[in-house]
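Participant: model the structure of this input:
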Amino acid sequence: MPLLSLTRPSETVWQISLNSPPDNRLTPPLLAELAEALDIVELEWRNAGGGVQDPKKRSTYKNKGAGALILTSGCERFFSNGLDYVGSLKVDNFFQDVFDPVLWRLMTFPLVTIGALNGHAFAGGMVIALACDYRIMTSGKGWMCMSEVTFGAPLPNSFGAFLPTLIPNPQHLRDTMLARRWTQPELLEIGLIDEIVKPEEVLKRAIEVGEREGPKVAPGSWGLIKEDLRKPIIVASHEPASPRRLDSGQIFFERIAKDRKKLEAKAKL
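Facilitator: Residues are numbered from 1 along each chain as shown. You can find the predicted model right below:
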């Protein structure tokens, strides 16, 4: 059974709906389907004149190369609840080989991307939402939260490079990494979402934004611009994980081994 659906709500707007109940965990199979869907969207866009630089030639296409992509959810309460963390630990180089390529693809996609957030976006789900160019969120139940600290997961390199670019305020970044559950008004205030709309209007508004902004990317440079802006993120994602990410407790005890008895004696005071 497919874990997502790909539709075209208007001639210049494509829509990918994640549909892996109950909460759209970002498993390797779902990420593989998402990567394939992104390729299909770009292929259809380019076949319709997208990326053709010559304006005269581009004007011969019906929609003149306009294009936008909506990423949303078919699950009622969640946009995405993030990774299957325990499952991801069983996959060698999960972030470098599985998650990061899809994240990079989305954040440098040549069409305008719009996250239509109809519910909660936690951990990796929040990162995927933030990778979209625009974010429109329901006024119903919906938080954004980076919850890694609550279940003992370190940040992958890509997250650590990406999040400070969108959350430059030190207090906001600190609160985010300490698993604050940001409400929609708070997210709007700090610039992490663009609009709050009624639940039944999320997709309608996303389509409107896509039709408005889609013509701007027709010449084909939007993806390249985003790639240049976000190059440090892809560089960071290719760096090997440092030992502290593997077992910080073991490394700590090895470091203090010769002084441990003395430290424990003082710690009891």
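Participant: next, count neighbours for residue 178.
Facilitator: Neighbours of residue 178 under the rule other C-beta atoms under 10 Å: 11. In short, each C-beta sits where N, CA and C put it, glycine included.
Participant: right, and it touches residue 149 too?
Facilitator: Yes. Counting by C-beta atoms under 8 Å, residue 178 does reach residue 149; the two are 6.1 Å apart.
Participant: so what does the one helix or strand residue 175 maps to touch, helix or strand wise?
Facilitator: Taking DSSP states H and E as the criterion, residue 175 maps to helix 170-177. On a contact count with 3 or more C-beta pairs under 8 Å, 6 or more residues apart in numbering; DSSP states H and E, helix 170-177 meets helix 157-166.
Participant: and for the helix it packs on, what's in contact with it?
Facilitator: 95, 99-100, 103-104, 107, 127, 130-131, 146, 155, 173, 176-177, 191-192, 230, 232-239, 241 (C-beta atoms under 8 Å, 6 or more residues apart in numbering).
Participant: please redo it, this time with the cut-off set to 6 Å
Facilitator: The contact list for helix 157-166 (C-beta atoms under 6 Å, 6 or more residues apart in numbering) reads 100, 127, 130, 232, 233, 236, 237, 239.
Participant: can you check stretch 171-180 too?
Facilitator: Residues from elsewhere that reach stretch 171-180 (C-beta under 6 Å, 6+ apart): 145, 146, 147, 149, 150, 167, 190.
Participant: help me confirm that the fifth one is found in a helix?
Facilitator: Translated: residue 150. Yes. Under DSSP: H, G, I helix; E, B strand; the rest coil, residue 150 sits within a helix.
Participant: the residue nearest to it when sequence neighbours are not counted in helix, strand or coil?
Facilitator: Distances taken as C-beta to C-beta, 6 or more residues apart in numbering place residue 179 nearest to residue 150, at 5.1 Å, with adjacent residues excluded. Assigned with three-state DSSP, residue 179 falls in the coil class.
Participant: look up how far residue 2 lies from residue 179.
Facilitator: 32 Å (C-beta to C-beta, to the nearest Å).
Participant: do the same with residue 105
Facilitator: 19 Å.
Participant: the more surrounded of the two?
Facilitator: Neighbours were counted for residue 105 and for residue 2 using other C-beta under 10 Å; residue 105 has more, 16 against 11.
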